[in-house]
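[1] Based on what follows, work out the 3D shape:
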Amino acid sequence: MPERNAHNDGTQRSDAAGSKAHKSKADIELDEIVHAPARLLIMATLSVVNSADFNFLLKQTELTRGNLSSHLSRLEQAGYVEIRKEFVEKIPRTLIRLSDKGFAAFEQYRRNMTQMLDK
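    Next up, the predicted model:
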């Protein structure tokens, strides 16, 4: 299999040629909020359920409580998730769902990644 920066004849591409190939992909913008691996995993999980409680997300993502909480806060600040706290028989429960804005951002991210990988 040829190297990424090599021509079919085995010679190396110059930096200018390599950056041109990269530049065409750079035209596709990726949402930095969604692009972070942990947040991408959270959003992908939430995209297939109506809502999830904190413990479900904890198990699905295998993140630590603090890490999950931190990423959820960032997603909430961006308006990508809605977090609702409630009590069920005096036990606190945190429900998380993608907002309409979050679902749209996730779908756009998927389209952009597909376009980038297809180039």
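[2] mind listing the helices for the chain?
    Here the chain has its helices, by DSSP state H, at 15-26, 32-35, 37-46, 54-61, 65-77, 100-118.
[3] now the fifth one and helix 54-61, what's the angle there?
    For helix 65-77 against helix 54-61, the angle between stretch directions is 100 degrees (axes from the mean of the first three to the mean of the last three CA atoms, to 10 degrees).
[4] Of all the residues in helix 65-77, which ones are buried?
    Burial within helix 65-77, assessed by neighbour count using 16 or more other CB atoms under 10 Å, is assigned to 68, 71, 72, 74, 75. In this view, the C-beta of every residue, glycine as well, is placed from N, C-alpha and C.
[5] got the contact list for the residue nearest to the spatial centre of the chain?
    Nearest to the geometric centre of the chain sits residue 40, at 2.3 Å (CA atoms, centre = their mean). Taking CB atoms under 8 Å, 6 or more residues apart in numbering, we find residue 40 in contact with 34, 109.
[6] and what of residue 46?
    52, 57, 81, 96, 97, 98, 102.
[7] try 6 Å this time
    By CB atoms under 6 Å, 6 or more residues apart in numbering, the contact list for residue 46 reads residue 98.
[8] picking that back up, now do the residue nearest to the centre of the chain against residue 90, distance only.
    Distance, residue 40 to residue 90, using CB to CB, to the nearest Å: 35 Å.
[9] same thing with residue 59?
    Using CB to CB, we find residue 59 at a distance of 23 Å from residue 90.
[10] Please apply the same query to residue 82.
    Residue 82 sits 23 Å away from residue 90, going by CB to CB.
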